[in-house]
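Enquirer: Can you look at this prediction? I've put the sequence above it.
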Amino acid sequence: MTASLRIATRKSPLALWQTEHVAARLRAEHPGLDVSLVPLSTRGDEVLDRSLAAIGGKGLFLKELEVAMQRHGADCAVHSLKDVPMELEPGFVLPAILARADAADAFVSNRFEGIDALPPGARVGTSSLRRQAQLRARRPDLQLLDLRGNVNTRLAKLDAGDYDAIVLACAGLQRLGFEARIRARLEAPDWLPAPAQGAIAIECRRDASAVQALLRVLDDAPTRRCVEAERAMNRALHGSCHVPVAAFAREREGRLHLQGLVGSAVDGRLVRADVVGDEAEVLGRETARRLLDAGAGELLDLPG
Ligand SMILES: NCc1[nH]cc(CCC(=O)O)c1CC(=O)O
């Protein structure tokens, strides 16, 4: 019986909130279990002057946490599932995916009520190619500017006047107490989030069966089914953060509805697909195939 559990986490305020949330839920489920946090810095957090794509992609937010688990310095790690690469490192599993929070994106501005209210040529901050493509599609005139850093840093840059508006995830704003800053929700079916946006996942070693048993109580089956469909679609498109891919799945009357989108951050072209199915993996692959049939291949080949 494991009497203690050390959870590795990034040090950003959002990562710490999410990990504290997981720790509190585990303490409630397992009275007597000694749960502690192991805050670590990752290259993804430290290198802010280059794009994630240029320094190695999403995996950079996980690497240091995985090294800690390999060295037995931590038993598990908490992640935003949208930051977890489609292919996990060998030897690791995700025994728990928590019930999804708000999956929508948020339009945040101190002066404007929504995308359509922005004046011609307004400056909008986001480094996400997925968000850029959807903004371009709706407003080709906007000036899209890079914006990296944690949620608090991004809000500070907006307040400093660097941008007329920025786009962030609703879930992150809500978790950090910034719900009131959401001017407009950007949501399905018009606007799609990143695959697995709003879902928190816990990662541990495949060989740590006692740890997996402790974590599994937090797994939410409906969320797992939806995010598996979204991630399967992204994987089938060779998804990485280099291409603007968006996906959102919902369960309705027992069936899975998956909406997918591939876009171009350069010219705002968007290709969409909307498919119903029952098995997450199959539905994800089928939606990817429909996107490719509709011309997504050409967009996926574009640089940036
Ligand atoms: N890319 C960073 C990131 N990873 C997860 C979230 C928000 C929380 C979530 O989606 O679960 C954010 C911030 C954002 O996109 O605004």
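Expert: Received it, and whenever you're ready, just let me know what you need. These numbers were taken from a predicted model, which means no experiment stands behind them.

Enquirer: List phi and psi for the residue most central in space within the chain.
Expert: Centroid-nearest residue in the chain, with C-alpha atoms, centre = their mean: Lys82, separated by 2.4 Å. Note on Lys82: backbone dihedrals following degrees, to the nearest 10 are phi -70, psi -20.

Enquirer: Please apply the same query to the one 10 residues further on.
Expert: As for Phe92, its main-chain torsions (degrees, to the nearest 10) stand at phi -120, psi 150.

Enquirer: Now for the nearest residue to Cys204 once chain neighbours are set aside: which residues touch it?
Expert: Leaving out its chain neighbours, the residue that sits closest to Cys204 by C-beta to C-beta, 6 or more residues apart in numbering is Cys76, at 4.0 Å. From N, CA and C alone the C-beta is placed, and that goes for glycine too. For Cys76, the contact set (C-beta atoms under 8 Å, 6 or more residues apart in numbering) comprises 5-8, 69, 202-204, 208, 211, 215.

Enquirer: taking those residues one by one, which sit in helices?
Expert: Judged by DSSP state H, the contacts of Cys76 include 69, 211, 215 as members of helices.

Enquirer: Tell me how many other residues crowd Gly263.
Expert: Neighbourhood size, Gly263 [other C-beta atoms under 10 Å]: 28.

Enquirer: Same check on Val262?
Expert: Neighbourhood size, Val262 [other C-beta under 10 Å]: 30.

Enquirer: So the closest residue to it other than its chain neighbours, which state does it fall into?
Expert: Nearest residue to Val262 in three dimensions, chain neighbours excluded: Ala296, at 3.9 Å (C-beta to C-beta, 6+ apart). Under DSSP: H, G, I helix; E, B strand; the rest coil, the three-state class of Ala296 is helix.

Enquirer: For Ala296, give me the pLDDT.
Expert: For Ala296, the model assigns a pLDDT of 91.

Enquirer: Hmm, it is touching Arg272, no?
Expert: No - assessed by C-beta atoms under 8 Å, Ala296 is found out of contact with Arg272, at 9.3 Å.

Enquirer: any idea how far Gly121 is from Arg139?
Expert: From Arg139 over to Gly121 the distance is 10 Å, taken as C-beta to C-beta, to the nearest Å.

Enquirer: With Pro31 instead?
Expert: According to C-beta to C-beta, Pro31 stands 58 Å off from Gly121.

Enquirer: So between those two, which is more surrounded?
Expert: Taking neighbours as other C-beta under 10 Å, Pro31 and Gly121 compare with Gly121 leading, 10 against 6.

Enquirer: Let me know the secondary structure of the more buried one.
Expert: Three-state call for Gly121 (three-state DSSP): coil.

Enquirer: How about the residues of the stretch 51-200 of the chain by the ligand?
Expert: When proximity is defined by C-beta under 6 Å from any ligand atom, the stretch 51-200 of the chain lies next to the ligand at 80, 82-83, 151, 168-169, 171-172, 197-198.
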